[in-house]
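Trainee: Fold the stuff below for me.
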Amino acid sequence: MQKIDVMYKKKLNTRERTHSKAPNSNISIIAKIIGNVSSADLRETIRKMQIRHQLLNSHLQMKNNDVYLFGKSNMEIPLKVLPREGEQHWKKQIIEEHKIPFNLREGPLIRFILLRSSDISDLIIFCQHTICDGMSLA
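Mentor: Got it, this is the predicted structure:
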């Protein structure tokens with residue numbers, strides 16, 4: 001496994017700063033996957049995504065009335081794996097995820113939920129709007 005050692009600092013612009021004040025300003029996307037998905041393979045894929053997309057390793061901090069996006073090294077992104085309960089389960093799960101605010105000061109600002117079955121798996125990516133929008137999340 002490749003080590004992630006990303007450190008950066010970025011001052012948020014006005015639009016990004018608006019979302020930083022709303023801990024429940026979240027974006028979600030779902031992918032339906034035919035077949036069973038290995039949680040180990042998915043965790044490895046998430047680690048590779050962190051190397052390519054540095055914002056996945058970030059958190060927010062305020063300094064002198066400005067908001068900054070900071071990158072951390074080796075941030076652990078949550079992956080929740082649940083048994084898939086049917087075609088509508090993903091809708092229920094997204095509603096539940098909206099009840100769980102991101103810790104903006106600690107990060108990460110993204111999390112993954114895998115609703116797994118042997119035939120069909122649903123992958124939900126749930127992200128704070130400061131680091132993405134619907135198009136970039138896709």
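Trainee: When you work out contacts or count neighbours from here on, use the C-alpha atoms and nothing else.
Mentor: OK.
Trainee: how about the strands of the protein, start to end?
Mentor: Taking DSSP state E, the strands of the chain run over residues 9-11, 26-34, 58-63, 66-71, 79-83, 110-116, 120-128.
Trainee: what's the least confident stretch among the ones you listed?
Mentor: Note on those: lowest mean pLDDT is at strand 9-11, with a mean of 73.
Trainee: Against which helices or strands is that one packed?
Mentor: Applying 3 or more C-alpha pairs under 8 Å, 6 or more residues apart in numbering; DSSP states H and E, one finds that strand 9-11 makes contact with strand 66-71.
Trainee: Show me how far the strand it packs on is from its chain's centre.
Mentor: 17 Å (C-alpha atoms, centre = their mean, to the nearest Å).
Trainee: hang on, the earlier thing: could I get the strands of the chain in TSV, plus columns for distance to R52?
Mentor: Output for those, formatted as TSV (distance: least, C-alpha to C-alpha, whole Å):
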stretch	distance to R52
strand 9-11	17
strand 26-34	19
strand 58-63	13
strand 66-71	13
strand 79-83	18
strand 110-116	15
strand 120-128	17
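Trainee: Please consider this matter closed, and thank you.
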